[in-house]
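Student: pasted the sequence and its predicted model underneath.
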Amino acid sequence: YPFYEGDATIALYIVKMVPFGAFWPLRSGEEFTVTYRISNHKYENYHDACWYGIRDIIRKTHPQAEPLSVPPEELIRLRLDALDHYYVDKTAEEDPNLPAGYVLNCHPQDGVQLENIIQYGFTGQNILNAYNVLRYGYEHNNEEYRRKAVKTADFFVNTIHIKESGMFYNLYNVDTKSVNFWWTGLLLPLAYAQGEELEKLMGPLYEYRKDVIQKLVSMKGAYLRCMNEDVTALLRLYCYEKAKGTEHPGWLEAIENYAEFLLRTQEQDGGWYRAYDLKGKPLLEPTKWFGNTVYEQKSSTGTSITFLTELYELTKDEAYLKAASRAGMFVKEYIIDRVRFNGGVHDSIYAKGQLIDNESILYPMLGMLSLYETTKKKEFLDAAVRAAHYFASWVCLWDVPLPEDSTLHKYGFHSTGMGACDTCGCGYVHPFQLMGVAETAQIAVYAKDRELFDIARLYWLGCNQTVETEERQWGYAMPGLQEEGYLISWWAVDDPMFAADTGFGYRLKGEGNKTCFPWINAVGVKAYWAMLDRFGSVDFDKIESKFF
């Protein structure tokens with residue numbers, strides 16, 4: 001106190017900028033003291049300066065996240081049990097497409113399903129969930145889990161795969177028996193609502209985004225990131241089943257058909273565009289949504305790399321490794337070295353369609369690690385370390401005080417270890433950083449970087465904190481559910497979109513966002529398997545004592 005950000009802030013409103021400041025409410029005779037610590041260090045580049053800022057806090061304050069309320073194995077069981085409540089499949093008589101998948105879309109406080117939509121990648125992660133369910137089914141002799149996982153993958157291959165172009169749809173509406181086109185999560189009602197119902201569901205957001213909505217609503221295509229996420233999971237599912245003695249040639253055919261799409265569409269500079277129409281042509285309009293610079297238009301390039309390197313490991317086809325390496329050099333130069341990561345999330349509600357966010361540096365980090373482990377080239381390890389440091393900069397390193405009458409304060413929420421989402425949110429945190437926990441820990445081990453390893457542990461504990469268990473309750477409908485995000489700031493508090501009578505109402509400081517999607521349990525369980533595969537354990541203390 002005091003502070004003042006002038007008229008160039010995005011804090012209290014989404015669509016307009018207002019002066020934003022705060023001052024101590026002085027009373028007569030009151031005295032108080034303010035202390036500042038000013039540090040001045042010089043570094044050769046932004047990366048080194050950025051990492052100094054994070055590392056210095058860790059060394060000085062040693063932040064600690066809350067311990068898990070139950071053992072990790074129990075946490076995984078609860079997550080998958082909750083997810084199973086939202087599994088849907090149909091017989092041939094009910095729907096000749098034979099849909100199968102996890103349609104979790106609810107307010108976790110009541111658990112009531114909102115819409116039966118199977119989403120792929122980003123907020124759905126259906127094939128990653130299928131991998132998690134299948135693996136758990138094998139390890140715990142749960143034949144029903146295995147059946148559901150295989151059926152989910154079969155539907156993805158048989159109906160969601162577009163054989164002519166090699167692509168995949170991003171969404172299937174079970175109730176209307178049709179594929180649809182997912183252009184942003186907050187615009188998900190576009191997939192099932194029209195007219196007045198659409199405007200009612202979206203509230204002021206409809207007017208905010210009307211120019212973009214009117215262009216997107218009739219477009220047919222798919223996001224690169226979404227396709228890459230679930231085809232990568234399908235590849236891992238295929239390899240896991242093959243190792244167990246079951247071949248799925250149809251799965252491999254779809255995987256390789258998609259890989260041919262990637263080889264065919266890769267640009268000369270090694271990048272790919274953010275989205276493509278159903279024939280495999282890049283989507284560039286509206287520019288507000290798909291970008292008007294190379295950094296925005298090709299912001300999702302990093303999501304292709306791990307898939308291609310893992311497919312190379314399976315097939316030994318040099319074309320896949322060559323494409324992955326070309327993409328790696330593009331991502332290293334344009335995204336990591338120039339610090340131009342953006343556009344990871346697909347649901348911007350701001351004037352800018354692509355945001356600087358944590359997910360847009362996560363995938364470059366994963367890609368660089370996979371290239372290093374495949375090629376052993378030091379330049380990829382150096383890039384992986386740099387990307388991991390940026391990814392680490394999104395962790396919350398202290399417990400932000402919350403209003404005493406807020407829901408999160410009531411349940412004892414601690415923000416330490418939670419992951420920030422995007423820069424505009426200025427205090428919106430979520431658990432997606434679980435997707436990169438094991439890889440962050442692995443890069444830390446390769447680089448002998450203890451503070452980076454500390455970040456991996458913070459993410460693991462902080463982002464698993466809010467899973468409902470009998471021992472640690474959060475007011476959710478059943479054990480294993482977790483809310484998508486949490487407000488630890490007064491972000492957008494004055495915006496009419498967040499008024500009490502809208503679909504987005506009462507998302508205030510100290511409240512959750514009242515949303516639950518399949519990605520939440522997908523990334524939580526993925527982190528567990530990835531830690532076991534890399535370290536044989538999820539005990540960070542034991543891993544630390546071994547490597548540090």
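Tutor: Sure thing, it's come through.
Student: find the centremost residue of the protein, please.
Tutor: Most central residue of the chain, judged by C-alpha distance to the mean C-alpha position with Cα atoms, centre = their mean, is Phe432 at 4.5 Å.
Student: which SSE is immediately downstream of the worst-scoring helix or strand of the chain on mean pLDDT?
Tutor: None of the helices or strands of the chain scores lower by mean pLDDT, DSSP states H and E than helix 195-202, at a mean of 65. Using DSSP states H and E, the next helix or strand after helix 195-202 towards the C-terminus is helix 204-208.
Student: list the buried residues of the helix or strand that that following helix is followed by.
Tutor: Past helix 204-208, heading to the C-terminal end, the next element that is a helix or strand (DSSP H and E) is helix 210-216. By 16 or more other Cβ atoms under 10 Å, the buried positions in helix 210-216 come out as 212-213, 216. Quick note: C-beta positions are derived from backbone N, CA and C, even for glycine.
Student: now, which of these sits nearest Asn292?
Tutor: Among these, Val212 lies closest to Asn292 (Cβ to Cβ), at 13.7 Å.
Student: how near is the closest one to Asn141?
Tutor: Counting by Cβ to Cβ, to the nearest Å, the gap between Val212 and Asn141 amounts to 49 Å.
Student: again, but for Tyr36
Tutor: When Cβ to Cβ is the yardstick, Tyr36 and Asn141 sit 60 Å from each other.
Student: and stretch 422-430, what's its mean pLDDT?
Tutor: Over the span of stretch 422-430, the pLDDT mean works out to 80.
Student: mind listing the strands for the stretch 351-500 of the chain?
Tutor: Using DSSP state E, counting those that start in this stretch, the strands assigned to the stretch 351-500 of the chain run over residues 419-420, 428-430, 486-487.
Student: that older thread, which one of Tyr36 and Asn141 has more residues nearby?
Tutor: Comparing Tyr36 with Asn141 by other Cβ atoms under 10 Å, the one with more neighbours is Asn141, at 8 against 4.
Student: give me the three-state assignment for that one.
Tutor: Assigned with DSSP: H, G, I helix; E, B strand; the rest coil, Asn141 falls in the coil class.
Student: just the local confidence number for it, please.
Tutor: We have a pLDDT of 98 for Asn141.
Student: backbone dihedrals for it, please?
Tutor: Dihedral angles phi and psi of Asn141 (degrees, to the nearest 10) take the values phi 50, psi 50.
Student: which of the strands of the stretch 351-500 of the chain sits closest to Leu278?
Tutor: Go through the strands of the stretch 351-500 of the chain one by one with Cβ to Cβ and the one that ends up closest to Leu278 is strand 428-430, at 31.0 Å.
Student: what's in contact with the closest one?
Tutor: Identification of contacts with strand 428-430 by Cβ atoms under 8 Å, 6 or more residues apart in numbering yields 396, 415, 418-422, 463, 484-489, 491, 513.
Student: at 6 Å what do you get?
Tutor: Contact partners of strand 428-430, identified using Cβ atoms under 6 Å, 6 or more residues apart in numbering, comprise 396, 418, 420-421, 484-487.
Student: which stretches of the stretch 301-450 of the chain form helices?
Tutor: In the stretch 301-450 of the chain, helices defined by DSSP state H, counting those that start in this stretch lie at 305-315, 318-330, 359-375, 378-392, 407-411, 437-447, 450-464, listed in chain order.
Student: what is the mean pLDDT for stretch 101-113?
Tutor: pLDDT averaged over stretch 101-113 gives 96.
Student: from Asp399, how far off is Glu66?
Tutor: Taken as Cβ to Cβ, the span from Glu66 to Asp399 is 9 Å.
Student: which residues do these two both contact?
Tutor: Counting by Cβ under 6 Å, 6+ apart, the common neighbours of Glu66 and Asp399 are His414.
Student: next, Lys220: phi, psi?
Tutor: Its backbone dihedrals place Lys220 at phi -120, psi 120, with angles given as degrees, to the nearest 10.
Student: ok, it touching Tyr276?
Tutor: No: counting by Cβ atoms under 6 Å, no contact exists between Lys220 and Tyr276, whose distance comes to 10.3 Å.
Student: as a quick check, tell me the outermost residue of the chain.
Tutor: Furthest out from the centre of the chain (Cα atoms, centre = their mean) sits Gly29, at 50.2 Å.
Student: what strand or helix carries it?
Tutor: Following DSSP H and E, there is no helix or strand that holds Gly29.
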